[in-house]
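Q: Build the 3D model from these lines:
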Amino acid sequence: MPLNYQQNGIQFLYPDNWKVIDEQSDSNPPSVTLQSPGTGYWSLTIYPDSYHPEQLAQEAVDAIQEEYGTVEVDSVTCSYGDQLASGYHMAFYCLDLIVNAQAMALRVGAQTVLFVYQAEDSEFHKLDPVFKALAVSVLNHVNDPDQRAPSESL
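A: Next up is the predicted model:
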């Protein structure tokens, strides 16, 4: 049964075997990171719409390149439900493993949403539908204010 994350103006459903490993309570911009039972993690940050999606995705790539050195980077677009996002797919080595990651950003209403997710190569392909479902859940709540708690706004 999925769990409902609802904190700091962010709401979404996530698998009950995933753990919230980092949340910036009362942070600006609000963010949360989840860890899968394996090597995967998924991170969400919601910025004001004054932040450009392309710039945020590029900053995520820059941070990963700084951390891991050589990173293969390709521009990608994908859809989360009926929302189109653009960003980057990355591949790099970490502890002798190939890691795949994506930094995807899009503007939704008065927010710019950044998703960053990664996992070891074979696990990434299995988790990709879960990563996308997490994003769709976030976007459904951003797009439908009636689904948010009355005291919450993004």
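Q: For Glu120, name its beta-bridge partners.
A: Taking DSSP bridges as the rule, Glu120 bridges to Val99.
Q: Where does the prediction get shaky in the chain?
A: In the predicted model, the chain carries pLDDT under 70 at residues 24-27, 143-154.
Q: got the CA coordinates for stretch 66-83 in CSV?
A: Extracted C-alpha coordinates of stretch 66-83, given in CSV (Å, rounded to 0.1, in the frame of the first residue of the first chain):
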residue,chain,number,x,y,z
GLU,A,66,31.8,17.6,-9.7
GLU,A,67,31.2,14.6,-7.4
TYR,A,68,31.9,11.8,-9.9
GLY,A,69,34.3,13.3,-12.5
THR,A,70,33.6,11.8,-15.9
VAL,A,71,29.9,11.7,-16.7
GLU,A,72,28.3,10.9,-20.0
VAL,A,73,25.4,13.4,-20.5
ASP,A,74,22.6,13.3,-23.1
SER,A,75,19.7,15.7,-23.4
VAL,A,76,16.3,14.0,-23.0
THR,A,77,12.6,14.8,-22.8
CYS,A,78,10.0,12.6,-21.2
SER,A,79,6.4,12.8,-20.1
TYR,A,80,5.0,12.5,-16.7
GLY,A,81,1.4,11.8,-17.4
ASP,A,82,0.4,14.7,-19.7
GLN,A,83,3.3,16.9,-18.5
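Q: got the buried residues for that stretch?
A: Residues of stretch 66-83 classed as buried by neighbour count (16 or more other C-beta atoms under 10 Å): 71, 73, 78, 80, 83. Where C-beta positions appear, they are placed from N, C-alpha and C, glycine not excepted.
Q: any chance of those residues in TSV, plus secondary structure and distance to Arg107?
A: Shown next, in TSV, are the buried residues of stretch 66-83 (DSSP: H, G, I helix; E, B strand; the rest coil; distance: C-beta to C-beta, whole Å):
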residue	secondary structure	distance to Arg107
Val71	strand	25
Val73	strand	22
Cys78	strand	15
Tyr80	strand	13
Gln83	strand	10
